[in-house]
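Build me a model from this:
(one chain, ligands or ions: 1)
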Amino acid sequence: MLDHLINVNSEIGKLKVVMVHRPGKEIENFTPEMMHRILFDETPDLWIAQKEHDYFAKVLKDHGTKVLYIEQLAAQSLTSPEIKNRFLERMLNESGYPKGTVHDALKAYLFPMASQKMINTIIAGVRKTDVDLKPVKHSFDDAEHVGYPFYMDPMPNLYFTRDTSACIGNGLSINRMTFPVRRRESLFNDLIIKHHPLFKSQHIPLWRTRNHYHTHIEGGDEEVLNNHVMAIGISQRTSIGAIKGIALRLFKHSHFDTILTVLIPHNHALMHLDTVFTMINYDQFTVYPGILKNNAISTWTITPDGKGGLHYQYDDNLKRALKRVLHLDEIDLIMTGNGDPIVAPREQWNDGTNTLAIAPGVVVTYDRNYVSNLILEKHGLNVITIPSSELSRGRGGPRCMSCPIYREDLKQQ
Ligand SMILES: NC(=O)NCCC[C@H](N)C(=O)O
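Below is the predicted model of the structure:
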């Protein structure tokens, strides 16, 4: 049915195929002490989170979107014992066990499992008590980790499928994540793109791979505004070096010729551009007012300099910069929480700015952000709400929980 498997030339074109992850045991397989490191602020109720996520998936399906699950795609990609072996070796290596007795015990535990069980077990995390390995008393090698319950940490952030990769045009950026706790997640994206029967024969251009050790970018900062313009956040998770790298590749090998970069505060609550700014219609955006100081924010528009390098244009007015790059006379910036100094930060904290457009002017949002939702409706948006008491505890909203793979191209670009 589709000319390309991957086709994302906007943030708002009708969403036809999306990749998500249904939260599993990993979101309850941690202690409060681990929370800060694993980028959670609370311990969610798994059963309710799953019900909420199923509702989210149903909303998408009811609106004509094919919903793919990353955990299933990953298992389906293990099409031979060699591929399974290679994948497991990489996973063990990046979990801290390139070789040795723990490596061997984990391999003996995981490899014989059926593919789906192995993937689910890796995502959920492997506790020391799961594995048949007697600890060596007073072992020097283990001294550092005595008392720590896991051999392999859980991956509770995997349901934010937005971040580990980003589909841009007909290609993909596979991301090296900033914090160690999320780094192994993109091994699944790498596996799927190389070995899943649907993807492997497609010659999908990779705008960026995960083999970058000094620069990083995450999908929450990568927004495709139209078929030649992107917005990228300069954030806690996305560095200048990564933006330059992806800009050079896109300008050389794709139809993208403009990147509007936006400098946002580097902190946990505003970790990605899409926690403070999303596109929801041809000329409408959500914005968290806390990022604007006297209405100003630093932006640089990057374009090719005509000599194989990059040209930067600074502007401290977001609206003006958007109008210029999108060739629009007017832009409607809709303030989270209607700009109220108490409501806006509260609703932003629960991802009131993080909307997922499933068609121009049609957005999925969390129901708890009722002030922001009402203001979106007043601005003419069709707002579809989903329950969010537990999903929101991981600090991500509907955009974060979705990796669009195919959007219908817009008639007007
Ligand atoms: N795009 C997004 O903003 N994703 C949300 C990621 C939340 C997750 N707990 C993290 O800190 O990475």
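
nearest spatial neighbour of residue 313, skipping sequence neighbours?
residue 301 (4.5 Å; C-beta to C-beta, 6 or more residues apart in numbering). For glycine as for every other residue, the C-beta is placed from the backbone atoms N, C-alpha and C.

you'd agree the one you found is in a strand?
Yes: Residue 301 forms part of a strand when assessed by DSSP: H, G, I helix; E, B strand; the rest coil.

Look up the residues forming beta bridges with it.
Per DSSP bridges, the residues bridged to residue 301 are residue 260, residue 313.

shift numbering so it begins at 20
All right, first residue 20 from here; so that's residue 320.

That one: how many residues sit nearby?
19 (other C-beta atoms under 10 Å).

Tell me the spacing between it and residue 292.
Residue 320 is 15 Å from residue 292, where distance means C-beta to C-beta, to the nearest Å.

Do you know the pLDDT at the residue in the chain positioned nearest to the ligand?
Going by C-beta to the nearest ligand atom, the ligand is nearest to residue 239 of the chain, at 2.5 Å. As predicted, residue 239 sits at a pLDDT of 98.

Check residue 40 too.
Value listed for residue 40 in the pLDDT field: 98.

so what's it up against?
88-90, 177-178, 180 (C-beta atoms under 8 Å, 6 or more residues apart in numbering).

How about residue 424: what's its closest non-neighbour residue?
That would be residue 36: by C-beta to C-beta, 6+ apart, it lies 4.3 Å from residue 424.

Let me know the secondary structure of that neighbour.
Look at residue 36: counting by three-state DSSP, its state is strand.

what's the neighbour count on residue 398?
By other C-beta under 10 Å, 16 other residues sit near residue 398.

model confidence over stretch 150-169, on average?
79.

Show residues contacting it.
Counting by C-beta under 8 Å, 6+ apart, 50, 119-121, 124-125, 127-128, 144-148, 170 sit against stretch 150-169.

which of these count as buried?
121, 124-125, 128, 144-145, 147, 170 (16 or more other C-beta atoms under 10 Å).

ok, residue 102 - contacts?
96, 210, 214.

ditto for residue 93
Contacts for residue 93 (C-beta under 8 Å, 6+ apart) come out as 138, 207, 210-211.

Mind giving me the ChimeraX select for these, buried ones only?
Only the buried members of the contacts of residue 93 end up in this ChimeraX selection, burial being decided by 16+ other C-beta under 10 Å:
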select :138,207,210,211
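
Need the max-distance pair from the contacts of residue 93.
138 and 211 (10.9 Å; C-beta to C-beta).

Quick one: name the residues of the stretch 20-169 of the chain near the ligand.
Residues of the stretch 20-169 of the chain that fall close to the ligand, judged by C-beta under 6 Å from any ligand atom: residue 58.

Over to the stretch 270-419 of the chain?
Applying C-beta under 6 Å from any ligand atom, we find that the stretch 270-419 of the chain lies next to the ligand at 290-291, 293-294, 413-415, 419.

Out of these, who's the most crowded?
Ranked by neighbours (other C-beta under 10 Å), those are led by residue 293, which has 31 neighbours.

What segments of this protein are helices?
65-81, 89-96, 100-113, 120-129, 134-143, 199-202, 205-214, 259-272, 337-345, 362-368, 389-397 (DSSP state H).

Can you redo those helices as JSON lines, where the extra columns are mean pLDDT and distance to residue 252?
Output for these, formatted as JSON lines (pLDDT from 0 to 100; distance: least, C-beta to C-beta, whole Å):
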{"stretch": "helix 65-81", "mean pLDDT": "98", "distance to residue 252": "24"}
{"stretch": "helix 89-96", "mean pLDDT": "98", "distance to residue 252": "23"}
{"stretch": "helix 100-113", "mean pLDDT": "98", "distance to residue 252": "26"}
{"stretch": "helix 120-129", "mean pLDDT": "95", "distance to residue 252": "36"}
{"stretch": "helix 134-143", "mean pLDDT": "98", "distance to residue 252": "27"}
{"stretch": "helix 199-202", "mean pLDDT": "97", "distance to residue 252": "16"}
{"stretch": "helix 205-214", "mean pLDDT": "97", "distance to residue 252": "18"}
{"stretch": "helix 259-272", "mean pLDDT": "98", "distance to residue 252": "9"}
{"stretch": "helix 337-345", "mean pLDDT": "98", "distance to residue 252": "12"}
{"stretch": "helix 362-368", "mean pLDDT": "97", "distance to residue 252": "14"}
{"stretch": "helix 389-397", "mean pLDDT": "98", "distance to residue 252": "20"}
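
Make CSV from these and add distance to residue 187 to it.
Below are these laid out as CSV (distance: least, C-beta to C-beta, whole Å):
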stretch, distance to residue 187
helix 65-81, 21
helix 89-96, 18
helix 100-113, 25
helix 120-129, 33
helix 134-143, 26
helix 199-202, 20
helix 205-214, 13
helix 259-272, 7
helix 337-345, 16
helix 362-368, 26
helix 389-397, 26
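
still on that earlier bit, which residues are in contact with the residue nearest to the residue of the chain closest to the ligand when sequence neighbours are not counted?
Leaving aside its sequence neighbours, residue 239 sits nearest to residue 291 (C-beta to C-beta, 6+ apart; 2.7 Å). By C-beta under 8 Å, 6+ apart, the contact set of residue 291 is 182, 237-240, 252, 254-257, 419.

Ok, residue 322 next?
By C-beta under 8 Å, 6+ apart, the residues touching residue 322 are 270, 276-278, 329-330, 332.

Across the sheet, point out what pairs with residue 191.
Beta-bridge partners of residue 191, as defined by DSSP bridges: residue 186, residue 225.

Greatest separation within the buried ones among the contacts of stretch 150-169: which pair is it?
For these, and using C-beta to C-beta, no pair is farther apart than 124 and 144, which are 15.4 Å apart.

got the CA positions of stretch 413-426 in PDB?
C-alpha atoms of stretch 413-426 as PDB (Å, rounded to 0.1, in the frame of the first residue of the first chain):
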ATOM      1  CA  GLY A 413       7.400   8.800  33.500                       C
ATOM      2  CA  ARG A 414       7.400  12.500  32.500                       C
ATOM      3  CA  GLY A 415       6.300  12.100  28.900                       C
ATOM      4  CA  GLY A 416       3.000  12.600  27.000                       C
ATOM      5  CA  PRO A 417       1.300  11.400  23.900                       C
ATOM      6  CA  ARG A 418       4.000  12.700  21.500                       C
ATOM      7  CA  CYS A 419       6.800  11.100  23.600                       C
ATOM      8  CA  MET A 420       4.900   7.700  23.600                       C
ATOM      9  CA  SER A 421       4.700   7.500  19.800                       C
ATOM     10  CA  CYS A 422       7.200   7.100  17.000                       C
ATOM     11  CA  PRO A 423       5.500   8.000  13.800                       C
ATOM     12  CA  ILE A 424       6.700   5.800  10.900                       C
ATOM     13  CA  TYR A 425       4.300   6.900   8.200                       C
ATOM     14  CA  ARG A 426       2.300  10.100   7.800                       C
END
